[in-house]
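# 3D model of this:
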Amino acid sequence: MNNAPSPENPGLTNWLLILLLGIIWGAAFMAMSVALEGFGPRMVAAGRLGFAALALIVLGAMIGQPITAISKTAGARGWLFCTAIGAIALAMPMLMLTWGQQHVPSAFAGVAMGTVPLLVLPLVYIFSPEEGIGPRRIIGMAVGFVGLAILVGPGAFGDTGSELTLWGRLACICAASGYAIGSVLTRRSPKMPPIALATGTMTIAALIVVPLALLTEPLPETFALRPSLAMLYAAIFPTALGAIIRVRVITTAGSLFMNITSYMVPVWSVIFGIALLGESLPPQLFYALALILVGIFISQSRQIIAALSR
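Coordinates of the predicted model:
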């Protein structure tokens, strides 16, 4: 009997990992808000990617999965995938979201990120058919998306008064598309050590975003402690640690399973806002959470029932 994790058998470890990922990505919104008190948006993106790449390079070297392992295990093809994933799934979404959120309600970005699992469906059908797509998964993801839309509320589709609102919405959707494409690329990438893969993709993204930020946005005159610590937190946990977990989950349990986090992150973001920032409890939270949980159960019902029956 094969107990190795797979799209049909994600395993308890992968369930725990996506729960952890939902929590640390949900907390990232608070860290970003604090970091923006002392840095411009492109500089925050550059800081996240740059410090995360450095942290992964050091960690990989310490545990025997250095970035050079990409060349040794996958050669030029490995670097081709790292470059594509770093540019499409890391650099492009961060830049697009940074620009787009200046022209759309912040809740719209949450709705756009919630489309990632839906965008992944046709890509998986074409490029990763072994993951298996049927009515159950399509219905489950659609129900989860309805729950997310209820959570963020109708304000997500309001108008900020910007002349570039339409382009801002398109930028957010492009960012979501980048994440979706990146999930499938990660799944199809040649076999290489997971931390080396995460390091390679993060380094490519940093090499794109950091020079762009330095050329287009001035460094602050002083580096205040609170925003600086928030940036370091965002770099180490949601970005560096998040990249390792993401690679591990996608390569073992598949793109569709990984994208459950797209529905978990907004929920954790709201919970952290209530618990730590004193924000008010949205009256629709429990209805939205119920729909999201029902959607996750429907999409993963076969795996959940199989796991409980063991």
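# how near is residue 125 to residue 29?
Distance, residue 125 to residue 29, using CB to CB, to the nearest Å: 31 Å. All C-beta spots, glycine's among them, are computed from the backbone N, C-alpha and C.
# which one of the two has more residues nearby?
For the pair residue 125 and residue 29, the greater number of neighbours falls to residue 29 (22 against 12), based on other CB atoms under 10 Å.
# Correct me if wrong: the more buried one contacts residue 269.
Yes - the pair residue 29 / residue 269 is scored as a contact, 4.8 Å apart, by CB atoms under 8 Å.
# how about the helices in the stretch 151-300 of the chain?
For the stretch 151-300 of the chain, applying DSSP state H, counting those that start in this stretch gives helices covering 165-188, 194-216, 225-234, 242-253, 255-258, 261-277, 285-299.
# Adding mean pLDDT, distance to residue 57 and mean neighbour count, write those helices out as a markdown table.
Listed next are the helices of the stretch 151-300 of the chain as a markdown table, based on pLDDT from 0 to 100; distance: least, CB to CB, whole Å; neighbours: other CB atoms under 10 Å:
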| stretch | mean pLDDT | distance to residue 57 | mean neighbour count |
| --- | --- | --- | --- |
| helix 165-188 | 88 | 19 | 21 |
| helix 194-216 | 96 | 6 | 23 |
| helix 225-234 | 93 | 16 | 18 |
| helix 242-253 | 92 | 12 | 23 |
| helix 255-258 | 84 | 24 | 27 |
| helix 261-277 | 77 | 25 | 19 |
| helix 285-299 | 78 | 35 | 18 |
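# Can you say which of the ones you listed is nearest to residue 44?
Residue 44 sits nearest to helix 225-234 of all the helices of the stretch 151-300 of the chain, at 6.2 Å, using CB to CB.
# for that closest one, packing partners?
Applying 3 or more CB pairs under 8 Å, 6 or more residues apart in numbering; DSSP states H and E, we find helix 225-234 packed against helix 11-35, helix 41-63.
# Could you say which of those helices is packed most deeply?
Neighbour counts averaged per stretch over the helices and strands packed on helix 225-234 are highest for helix 41-63, at a mean of 22; criterion: mean count of other CB atoms under 10 Å.
# which helices and strands does that one pack with?
Helix 41-63 packs on helix 11-35, helix 92-100, helix 194-216, helix 225-234, helix 242-253, going by 3+ CB pairs under 8 Å, 6+ apart.
# Which SSE is immediately downstream of that helix?
Once the chain leaves helix 41-63, the next helix or strand it forms, by DSSP states H and E, is helix 69-85.
# quick one: contacts of that following helix?
For helix 69-85, the surrounding residues in contact (CB atoms under 8 Å, 6 or more residues apart in numbering) are 60, 182, 185-186, 188-193, 196-197, 200-201, 203-204.
# how about the residues you listed, which pair is most distant?
Distances among the contacts of helix 69-85 were taken as CB to CB; the most separated pair is 60 and 188, at 21.9 Å.
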